[in-house]
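Trainee: Okay, here's the prediction I keep looking at, along with the sequence it came from:
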Amino acid sequence: MKISLKEIREDYQKFANQEIIVQGWIRTNRNQKQFGFINLNDGSTLSNLQIVYDKSLHNYEDVAKYGVGCSLTVKGILVLTPEAKQAYELKATLVQLEGDSPESYPIQPKRHSREFLRKVAHLRPRTNLFNAAFRVRSLLAYAIHDFFRKRDFIYVHSPIITASDAEGAGEMFQVTTLDLENLPKTKENEIDYSQDFFEKHANLTVSGQLQAEIFAHAFKKVYTFGPTFRAENSNTPRHASEFWMIEPEVAFADLKDIMALVEDMVKYLINYVLENAREELEFFDNFVAPGKIAQLKALVDSKIQVCEYREAIKIIQEADYNFENRIKFGDDLGTEHEKYLTDIHFKSPVFVINWPKDIKAFYMRLNPDGKTVAAVDLLVPGSGELVGGSQREERLDVLIERMKEMNVPIAEMEWYLDLRRYGGTQHAGYGLGFERLIMYVTGIENIRDVIPFPRTPKNCEY
């Protein structure tokens with residue numbers, strides 16, 4: 001009977017003294033001349049299974065030479081070992097080599113730097129760190145869909161290729177089939193996009209929000225969850241050119257409604273990981289970010305504070321703290337400022353609300369003061385910004401004026417304005433960067449280490 005290491009770990013008493021078959025890869029192999037020990041891992045759990053083999057095997061001499069990384073099929077009897085370090089082990093009666101791995105295999109049983117492992121990203125999932133990280137990523141992806149399904153949200157597949165710039169930032173990857181060596185030109189000597197595949201300028205999406213707004217005006221509660229792209233030449237540990245976003249949009253909702261949804265969702269996701277990825281979290285707590293489990297539990301048990309942007313600026317300005325950058329009203333918060341608010345001043349997660357309109361997107365609802373918009377950022381201890389959202393501008397005339405102010409092409413966005421013309425209502429939503437969430441939950445500090453195949457400036461491998 002073939003079984004996974006996870007099945008054994010969850011109920012090893014069930015398989016005691018039974019003959020079973022396991023398949024996986026060698027993590028270590030120690031030969032003691034008369035017998036040997038193989039630590040096998042099959043990817044179903046962070047834990048290895050100790051395989052004990054001896055000279056009763058017909059191919060003992062060969063097995064003793066199998067190196068790290070070899071793939072095996074092993075048949076044997078599961079033996080309970082309560083007096084030993086591990087609770088059980090497999091006494092092998094058959095060890096069959098499926099795939100050899102020579103001594104040149106880069107992932108040897110020793111500590112490797114994350115920089116080195118990024119150079120062999122096709123092999124790094126076999127290490128404990130990335131094995132745990134990508135298992136948590138998978139669990140969180142499931143939990144996101146589970147959260148929204150339980151609340152009757154509709155999952156919308158927003159387009160990857162779009163002609164709209166949701167953020168108005170212009171940092172987008174262009175999609176074209178034109179011959180870059182011989183671009184067609186108009187009489188005005190501009191690129192003639194009428195000869196392109198879509199007959200217009202097209203890009204990879206930076207957000208599914210605008211499309212989600214369309215569906216929110218039909219289904220009331222919707223969300224998107226998919227890849228987004230930014231052609232931003234940034235090499236920081238928190239930025240990537242391709243990343244995933246969770247973007248719910250809710251009709252008949254204001255800023256307070258969406259803040260309540262954010263708090264509910266973040267706590268649900270963290271609870272889900274605490275309950276279903278205990279082994280992985282203990283690994284992160286021990287080897288990556290000491291105190292991480294306590295930090296996550298504290299967030300779940302806390303009440304998220306609320307702070308006006310204007311008050312946050314005042315707190316930072318009056319703080320007896322050595323900031324690298326001082327800020328004033330109208331400036332965005334840096335990571336150091338966010339962490340000061342969460343880790344030192346409030347000692348809890350905090351919603352910062354009502355931001356200056358000049359540093360926020362055109363679609364955010366203008367407040368009565370004419371200077372700020374109904375926007376919110378969720379800042380969490382140890383990480384900083386995790387979620388950004390807003391109440392959307394539902395007033396047609398105000399939205400048009402904001403688009404003019406920010407040079408958003410109105411003619412190309414008539415469909416967006418129609419949402420206000422035909423049965424428009426107040427609505428709100430937010431974006432949660434999936435990789436930022438994984439970084440927070442695991443304590444891994446570089447976004448390149450929570451994405452299977454990171455896309456960053458000057459890097460597009462695999």
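Mentor: Perfect, thanks for sending it. Predicted model only: the values in this text are computed from it and were never measured.

Trainee: Going along the chain, name the helices of the protein.
Mentor: In the chain, the helices defined using DSSP state H lie at 5-10, 12-15, 60-63, 114-119, 128-150, 209-219, 255-276, 278-287, 292-301, 309-318, 335-339, 396-405, 414-421, 434-442.

Trainee: which one of those lies closest to Leu386?
Mentor: With C-beta to C-beta, the closest approach to Leu386 among the helices of the chain belongs to helix 434-442: 5.7 Å. Yep, even glycine has a C-beta here, placed from its N, CA and C like the rest.

Trainee: hey, which of the helices of the chain is tucked in deepest?
Mentor: Highest mean neighbour count of those: helix 434-442, a mean of 24 (counted as mean count of other C-beta atoms under 10 Å).

Trainee: counting contacts, what elements does that one pack onto?
Mentor: Applying 3 or more C-beta pairs under 8 Å, 6 or more residues apart in numbering; DSSP states H and E, one finds that helix 434-442 makes contact with helix 128-150, strand 242-251, helix 255-276, helix 278-287, strand 384-391.

Trainee: if you set the cut-off to 7 Å instead, what comes out?
Mentor: Helix 434-442 sits against helix 128-150, strand 242-251, helix 255-276, strand 384-391, with contacts defined as 3 or more C-beta pairs under 7 Å, 6 or more residues apart in numbering; DSSP states H and E.

Trainee: Of all these, which one is nearest Phe434?
Mentor: Nearest of these to Phe434, taken as C-beta to C-beta: strand 242-251 at 3.8 Å.

Trainee: Can I get that closest one in PDB, CA atoms only?
Mentor: The C-alpha trace of strand 242-251 is given here as PDB (Å, rounded to 0.1, in the frame of the first residue of the first chain):
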ATOM      1  CA  GLU A 242       4.800  39.900 -11.100                       C
ATOM      2  CA  PHE A 243       2.800  39.200  -8.000                       C
ATOM      3  CA  TRP A 244      -0.700  38.100  -7.000                       C
ATOM      4  CA  MET A 245      -3.500  40.300  -5.600                       C
ATOM      5  CA  ILE A 246      -6.700  39.600  -3.700                       C
ATOM      6  CA  GLU A 247      -9.200  42.300  -4.500                       C
ATOM      7  CA  PRO A 248     -12.700  42.200  -3.200                       C
ATOM      8  CA  GLU A 249     -15.300  44.800  -4.200                       C
ATOM      9  CA  VAL A 250     -18.600  45.400  -2.400                       C
ATOM     10  CA  ALA A 251     -21.600  47.400  -3.500                       C
END
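
Trainee: Go through the helices of the chain and name the closest to Leu80.
Mentor: Leu80 sits nearest to helix 12-15 of all the helices of the chain, at 7.3 Å, using C-beta to C-beta.

Trainee: starting at the chain centroid, how far to that closest one?
Mentor: The chain centroid and the centroid of helix 12-15 are separated by 35 Å under C-alpha atoms, centre = their mean, to the nearest Å.

Trainee: again, but for stretch 430-447
Mentor: Distance of stretch 430-447 from the chain centroid (C-alpha atoms, centre = their mean) equals 5 Å.
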